[in-house]
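1. Here is my input; please provide its structure:
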Amino acid sequence: MTDNASLPAPYTLVSRENHPERSTVRVAGVPIGPDTVTLIAGPCAVETPEQTLEAALMARAAGATLLRGGAYKPRTSPQAFQGLGEPGLRILADVRAETGLPIVTEVVDAHDVELVASYADMLQVGTRNAQNFALLQAVGAAGMPVMLKRGMNATIEEWLMAAEYIAQRGNLDIVLCERGIRTFETATRNTLDVSAVPMAQRLSHLPVIVDPSHSGGRRDLVLPLTRAAIAVGADGVIIDVHPHPEQALCDGPQSLGERDITELGRVIRLWPAMIGRTRAQAAHTPA
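-> Below is the predicted model:
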């Protein structure tokens, strides 16, 4: 009888069996890895230049060193806001020029990878595309950092196998993102699997971050889940921020507004030191 525990991991390139030391991924010079806690924050969806810039400034004031923002938004309902597309990417590029925050943005179709990569500093693969193998291969071939969110129904092994698709195209600059999984619980949007962070770090050398916004789906849960993520050893968090959450075209109930952003900044300043880390710093300051 074969002992499965003794078999090599099926995700060879991202496994710690062949890469014992944990990796640090740098996005335009900003580190995501085992020595730091990195805050990625910004609007879930790019709506207007003014909204995106205001959200970016709020995020930067809280300690964010990377700007998240969706120009393409895969939504459950076809009637929901689907994003601005390339005009949204141009807005993000303008905001990057003004704030100095490198861009993390989602790509939803393999045919759009080249276009999105021409604007972005890091490509994001969302939960709905976590097993879109053609897209995973395409972002792997793009030659730039990739954030891979865990599929909402994916096991940890399936998540790491998805990362292997990216790695097989010669790209090991992959950051794993635990964003909550679908369970029987209905009180929260998803269930944050806190145990997935140390488990994925044990099995893989890739950095692991947490999305407290999409996991809880409620503004009042974002700060507690951020504290939990840092305490369990996450290498960073990705947070939704909006200057007027009640007017947001996408995920307003989970977006942090002006009242909450100050406390988030305090958490990001103080909590990393409790686990022997420092807050990731910006690679440069804009003129």
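2. all helices for the stretch 151-287 of the chain, in order.
-> Across the stretch 151-287 of the chain, reading from the start of the chain, the helices by DSSP state H, counting those that start in this stretch fall at 156-167, 196-203, 212-216, 219-232, 258-274.
3. buried ones in the first one?
-> Of all the residues in helix 156-167, those buried under the rule 16 or more other CB atoms under 10 Å are 156, 159-167. Where you see a C-beta, it was placed from the backbone N, CA and C, and this is true even at glycine.
4. that older thread, can you put the helices of the stretch 151-287 of the chain in a markdown table and add mean pLDDT and distance to Thr127?
-> A markdown table is the format used below for those (pLDDT from 0 to 100; distance: least, CB to CB, whole Å):
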| stretch | mean pLDDT | distance to Thr127 |
| --- | --- | --- |
| helix 156-167 | 97 | 10 |
| helix 196-203 | 98 | 13 |
| helix 212-216 | 95 | 8 |
| helix 219-232 | 97 | 16 |
| helix 258-274 | 93 | 23 |
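5. how about those helices, which one is nearest Arg182?
-> Ranking the helices of the stretch 151-287 of the chain by proximity to Arg182 (CB to CB) places helix 212-216 first, at 10.9 Å.
6. quick one: what helix or strand has the residue nearest to Arg22 when sequence neighbours are not counted in it?
-> In space, not counting the residues next to it along the chain, Arg22 is nearest to Pro34; the distance is 4.5 Å by CB to CB, 6 or more residues apart in numbering. With the criterion set as DSSP states H and E, no secondary-structure element contains Pro34; it sits in neither a helix nor a strand.
7. who are the neighbours in contact with Pro34?
-> 22, 24, 207, 235, 277 (CB atoms under 8 Å, 6 or more residues apart in numbering).
8. now do Met152
-> Shown here is Met152, whose contacts under the criterion CB under 8 Å, 6+ apart are 127-128, 179-182, 190.
9. which one among the buried residues of helix 156-167 gets closest to Leu92?
-> Ile166 (22.2 Å).
10. Excluding residues flanking it in the chain, which one is nearest the closest one?
-> According to CB to CB, 6+ apart, the nearest residue to Ile166 is Gly140 (3.8 Å).
11. and what of Leu223?
-> Nearest to Leu223 is Glu263, by CB to CB, 6+ apart, at 5.8 Å.
12. could the buried residues of helix 156-167 go into CSV alongside distance to Ala61?
-> Compiled in CSV, the buried residues of helix 156-167 are given as follows (distance: CB to CB, whole Å):
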residue, distance to Ala61
Ile156, 35
Trp159, 33
Leu160, 35
Met161, 39
Ala162, 34
Ala163, 33
Glu164, 38
Tyr165, 37
Ile166, 33
Ala167, 35
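13. how close does Gly265 sit to Gly276?
-> With distances taken as CB to CB, to the nearest Å, Gly265 is found 21 Å from Gly276.
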